[in-house]
Structure formats: C-alpha cells, structure tokens
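>>> Quick one: sequence and predicted model below, then my questions.
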Amino acid sequence: MATSKSASPAADGGDRPGRRFDDRPVGPMDPSALAVSARATKQRELDRAAEVAAQAAISGIDSDALLAHSSVRPIRQQRPVPSRRSLGGPRLVAGQNRRATDRGLAYVAVGPAYDPYSARRRRTPEWLVNYTASLVVGDAAVAGLVLLGMASVGDRQWLSTASGVLVATAWVAALALAGAYGERRLGTGASEYHRVLLGGMAGTAALGMLLAANPDVSLGDLVLVAMPAVTVLSILGRNLQRRRLHRARRQGHMAKRVVVVGREVALVDLVTRLRRDAAAGWQVIGACVPDPASAGGLGREGVHVLGGLDHVETVLGNVRADAVIVASTSETAAAYLRELAWKLEGTNIDLLVVPGLIEVAPDRLHVRPTVSVPLIQIDEPDFWGMRRVVKSAIDRTVALLVLMLLAPLLVVIAVAVKVDSRGPVFYRQRRVGKRGREFGLLKFRSMVVGADAVLTALEQADDGNGVLFKMRVDPRVTGVGRVLRRFSLDELPQLLNVLRGEMSLVGPRPALATEVAQYGDDMQRRLLVKPGVTGLWQVSGRSDLSWDESVELDVRYVENWSLGRDFSILWRTARAVMHGSGAY
C-alpha cells in the first residue's frame, strides 16, 4: 500500500513529491528525483513571485505584504486591518497570533505606541462651555436688538421674527468662522476683539456683494447701519463678559487646572508669574520635576510635587488637569517634548511650552518655520521712527488740550494749596529723564515746607518697597495735599513737562538720581524713553508694588510699548484714579 501511494505523485498535486496534501509522510523516494522536483518547485515559486511583484509595482501595492514565507497571496485579496489596541498592549509579529483563516499570510499587526484614537479624552471644563455659550447668546442678542431698533424707527417690511432669527444665526456663524469663539483667544489679549472685527468686515462685505448683485433688495441699512452697530456692540459685550471672567479668576474660579513640568528653579519663577497674572486663567495644582525628592523650593511656594518627568501622563490623569506647561527640562528637552505631545494626543489636555523669554509682548514674536524645527524671531523695540514722532505729537496735543480744559480746576487747586499751608504752590524736584538727562519735575505741593529735611527721621516708618520711601499716613502731608494725592491731582502740572518735551503722557516712572545710582543693567533700559505722567506702574498698584514688580513693569513697557497700549493705559489710569488704588 505504501509503495502504491508513493508511485502516484499526482495524488498530491505534483508540487510536493514524497508528501500528501495533509503533510503526512509517505514512503521513500529516489533522492535524485526529489532534488530535481524541489528545484523545479522552487523555480516555479520564484517565477510566480516575480510576476506578482511586477503586478504590484504596476498597481502601486506593497509587494512585500503579498508574499508569505510558504506561499503567494493573491493580489486581489485585501490586506487584513489589524485591530486597534490600547497603549502598552501586546504587539503582533509575523506568523504569530493569527487566525486560522490568515495562516500563511505575512503581515505584522503592530499598533502605534501612542494611539490618539484610543486615548481617554478629558471633558471640556463646564465653566468654559458655559462661558462660550454666554458669548454666543450675547452676540445673538446684540444682533436681535439692533434689528429691533431698526424696526422701531422706520417702516421696513422685510424685518420680521423669522428674518431676525436668521440674521442673528448668520452673525453667530460668521463669528464662529472668524474664530471668535476659539478658547485660546477668550479672556486675554486683543485677538478676540480682532476676530469679532474680522467677522463684522466679512459680514459687511457679503451683504455688499449681495446688494450689488440684487439692487432691488433693500439691504442698504444692514450694510451701513446694522453691521457696524452689531460689531461695535458685540465687542463691548465681550468686554463686559471678560471683566466678569477676570473677576471670577481673581477669586479662584473659571481657570484651567495646570500641572507645570521642568526644572525646579524655572518652575518657581513660572509659578510666581502665573499667580501674579491671575486673570490669565492658569491655576497651578502641582508640578513634575527631574528629582522630586529634593524639590523644596516649590513646597515653599505652596505647590505640590506630584512626580518625576516620566510620570507626567499618569499625574495629569490622577489630578484631572486641563493643561500642562513645560519649562526648562534638560538637554534632551526637544525629544521629551515630542514624546509628551504624542502621549497627550486625543486627550483634550493643552500642552504649552515656556520659550525662555520674559517681558516680550506676543506681537513682537514671529514663528519662522524650517523643515524640522520652528524658530521664534523677536522684533526690536521701537525707540525711533515714525511711531515715535506720532507719539510725541499726540503727547503734546493732548497735554495742551487737557491744560486748557482743566484751567479752572488748576486755579482752584492752586488757591487751595496756598491757603492751606505756608509755602509755594508748586513743588519742583530734579528727576532723571531720557538717556540720563535731568529735568525739573513739577507737582502741586502736597507736603509742608521742608519735608525733605525730616525724611531721615521717618525712615524707620517706611511703608515703601525698600528703595522708594512711602508712608501710608505721612505726617508731612497737608490736608489739601491728602485729597490731591488721593485722586492724583497733584501730578497735573506734569502736563507742562510734557509740553516742553521732557516727559510723555505714558512711560516709566520718573526716577530720582539716587534711584538711578542703584540701577542694574535691566533698569538702565528705563532711560531709553521719556518718563511718563502715568504708566503700567500707575495702573498696577502704584505704591503697593514691590521694587522688583516696579522694575518689571517699567522694563515691560519700554520693550513693548505701542500706541494702542498707551491708549489702554490712559483709560485704565482714569479708573485707577477714581478708585484711588495704591495712592498714599
């Protein structure tokens, strides 16, 4: 029986002499015939493989995926799609863990190390959802109110409830397309307002083109009145919403929960700056550092060290953080950041990087892309040029107008100072101006004559910042002077210094020569511009500021000044004067 089976090679198809189709061994066979048959079989397989590879090359299909170690896979058969696996799950290799129907197919079902599709996604903070919804409702309400106002002052047949709903919806859609609801723009900076303005311009342009295409349609009022009014009112409404947001953030609400990552020295400085700017909305809840056991500085700042650099992903999940901010980590920071970004893909956790720059406004930063790494270009501050000429012209024009308008008030103050105490009406003091030039700063006298002579005796009661002498209850201040200081009226004569070109309306605080003698390299930059009647120091706490904070504010203004910021500081100065914050 065994001989008869071996004498019939056609029984197993002729391709595998000496064995049956079911791979069970049969009787012996002539070795020379076996070798000839094996060479013929190998040659046929090579010919078939070459044919398949040629077809695959023509079709643009990876030929390696069509071939197996023991057979050729038909070209028309689809490659099996490996199942999605969670991070850290078993990886399949060729020839292992395959279904019976896939035997003989050489494919590798390997899932990505960091799979954003299977990541556990964090829910958007409820406060952010509610705040965004309030912006949408506010923008829609503004559009509706403007249309209602137009309907009340004229006979417009096309205005109805349906058209009002349509216009309000279109306005919200235009703002959404312009990016006015983008989370990163909400609450800080001017980008949010720019996006609203962009939406208004796009809406006006769309209505203008529609009117040009259909002259018979009465849309002139929408183009000339409604769209500008809706845009302006939406910006004002968002400003009110932003104030509410900032007030809540200063009370510890409506902020994103943040874990900071990096070296301890960098994180201590970062935490201090984030806490100083509470309105930005970053609430630090913990830190990850290279050596958690030796991190004592963060503990003194009240920040819990939650783990090392390798534990960031786990820590973020445990504390339910909304964002992670990475400062300086190590010499391998680039590779670490890339891997961390991969791990956070699909989690809805924001990743922010501290670039190592301080006191540089965003509008001075520009990303210059290269093939593999983005470069950040820093523009030079404006110390000369047309904008400086415009600033000087505005300073002198506004100073002249204010002096003319307030002339009666200035006369009343002068008489009150003269009647209240013996001495001159004005107090002149030498201050250091632009590029170290001294000038005589003018103020209404608010102290008794000879106040400077008794300064040494009062130094023990100093409430200032260690460099500038200040007392909350200074016995040298007169009765009228206390009122003048409360509302900063004693500084009005400095407008004469502005007219003479010695000062600017907005700038660093005018310094005494004794202060300049203590300046370091950073503070010397204050002397690159004219000192100001008001400035960031005036609207950020004035006498309540520490010396370091005063330095930081002055340098920040010098480095990043602009006409828009000057107008903003003037507006904030009026509010600070009315509230009397930091004035004594």
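Arrived safely.
>>> For the rest of this, base every contact and every neighbour count on C-alpha atoms.
Noted.
>>> Give the burial count for Val449, as a bare number.
Per other CA atoms under 10 Å, the neighbour tally for Val449 reads 16.
>>> What are the boundaries of the strands in this protein?
Assigned strands in the chain, in chain order: 256-261, 282-288, 305-307, 323-326, 350-353, 365-369, 374-378, 426-432, 438-444, 504-506, 532-534 (criterion: DSSP state E).
>>> Quick check: which of the ones you listed is buried the most?
strand 504-506 (a mean of 26; mean count of other CA atoms under 10 Å).
>>> Direction included, what does that one pair up with?
The sheet places strand 504-506 alongside strand 532-534 (parallel), with pairing taken from DSSP bridges.
>>> Out of the strands of the chain, which is closest to Ala453?
strand 426-432 (13.8 Å; CA to CA).
>>> And the nearest residue to Ile378 once chain neighbours are set aside, how close does it get to Ala334?
Using CA to CA, 6 or more residues apart in numbering and skipping the chain neighbours, the partner closest in space to Ile378 is Leu365 (4.9 Å). To Ala334, Leu365 is 20 Å away according to CA to CA, to the nearest Å.
>>> do Lys530 as well
42 Å.
>>> OK, contacts around Arg257?
When contacts are counted by CA atoms under 8 Å, 6 or more residues apart in numbering, Arg257 is found next to Trp282, Gln283, Val284, Ile285, Arg320, Ala321, Asp322, Ala323.
>>> As a markdown table, the residues you listed with distance to Tyr131 would be great.
Putting the contacts of Arg257 into a markdown table (distance: CA to CA, whole Å) gives the following:
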| residue | distance to Tyr131 |
| --- | --- |
| Trp282 | 16 |
| Gln283 | 17 |
| Val284 | 21 |
| Ile285 | 22 |
| Arg320 | 20 |
| Ala321 | 19 |
| Asp322 | 16 |
| Ala323 | 18 |
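>>> Select, from those, the two members most distant in space.
Trp282 and Arg320 (14.1 Å).
>>> my read: the residue nearest to Ile378 touches Pro381, true?
No. Leu365 lies out of contact with Pro381 (CA atoms under 8 Å); the separation is 11.3 Å.
>>> residue nearest the centroid of the chain?
In the chain, the residue lying closest to the centroid (CA atoms, centre = their mean) is Arg184, at 5.7 Å.
>>> how close does that one sit to Thr573?
Distance of Arg184 to Thr573, given as CA to CA: 28 Å.
>>> burial count for Gly199?
Based on other CA under 10 Å, the number of other residues close to Gly199 is 24.
>>> So it versus Ala176, what's the distance?
8 Å.
>>> Check Arg120 too.
Taken as CA to CA, the span from Arg120 to Ala176 is 27 Å.
>>> Of the two, which one has the most company?
More neighbours surround Ala176 than the other of Arg120 and Ala176, with 16 against 13 (other CA under 10 Å).
>>> can you map out the helices along the stretch 101-250 of the chain?
126-152, 161-177, 191-213, 220-221, 227-250 (DSSP state H, counting those that start in this stretch).
>>> Confidence-wise, which of the ones you listed is weakest overall?
With a mean of 70, helix 220-221 has the lowest mean pLDDT of the helices of the stretch 101-250 of the chain.
>>> pretty sure Arg556 contacts Leu357?
No. Checked against CA under 8 Å, the pair Arg556 and Leu357 is beyond contact range at 11.9 Å.
>>> Looking at the two, which one has more neighbours?
Arg556 (19 against 8).
>>> Could you find the closest non-adjacent residue to the more buried one?
Nearest residue to Arg556 in three dimensions, chain neighbours excluded: Glu359, at 5.1 Å (CA to CA, 6+ apart).
>>> Report the contact partners of the one you found.
Residues near Glu359 by CA under 8 Å, 6+ apart: Glu552, Val555, Arg556, Glu559, Asn560.
>>> how near is it to Pro508?
15 Å.
>>> Ok, Val373 next?
Separation of Val373 from Pro508 (CA to CA): 37 Å.
>>> Compare the two and say which one has the larger neighbour count.
More neighbours surround Pro508 than the other of Val373 and Pro508, with 31 against 9 (other CA under 10 Å).
>>> So the more buried one is in contact with Val558, correct?
Yes. Counting by CA under 8 Å, Val558 is a contact partner of Pro508 at 7.5 Å.
>>> what do these two both touch?
Common contact partners of Pro508 and Val558 (CA under 8 Å, 6+ apart): Arg526, Val529.
>>> Tell me, how many residues neighbour the residue lying closest to Leu233 once chain neighbours are set aside?
Leaving aside its chain neighbours, Leu233 sits nearest to Val142 (6.6 Å; criterion: CA to CA, 6+ apart). Using other CA under 10 Å, Val142 has 20 neighbouring residues.
>>> do the same with the one 3 residues further on
Around Leu145 there are 15 other residues, counting by other CA under 10 Å.
>>> neighbours around Leu245, how many?
Neighbours of Leu245 under the rule other CA under 10 Å: 21.
>>> Which parts of the stretch 451-584 of the chain are helices?
Going by DSSP H, counting those that start in this stretch, the stretch 451-584 of the chain shows helices at 479-486, 494-499, 513-516, 536-539, 547-560, 563-579.
>>> most tightly surrounded among those helices?
helix 536-539 (a mean of 24).
>>> who touches that one?
In contact with helix 536-539 (CA under 8 Å, 6+ apart) are residues Gly507, Pro508, Arg509, Leu545, Ser550, Leu553, Asp554, Tyr557, Ile569, Arg572, Thr573, Ala576.
>>> how about a cut-off of 7 Å?
Ser550, Leu553, Asp554, Ile569, Arg572, Thr573, Ala576 (CA atoms under 7 Å, 6 or more residues apart in numbering).
>>> Just give me the closest of the residues you listed to Gln251.
Relative to Gln251, and with distances defined as CA to CA, the nearest of the contacts of helix 536-539 is Ala576, at 19.9 Å.
>>> pLDDT score for that closest one?
Confidence score, pLDDT, at Ala576: 77.
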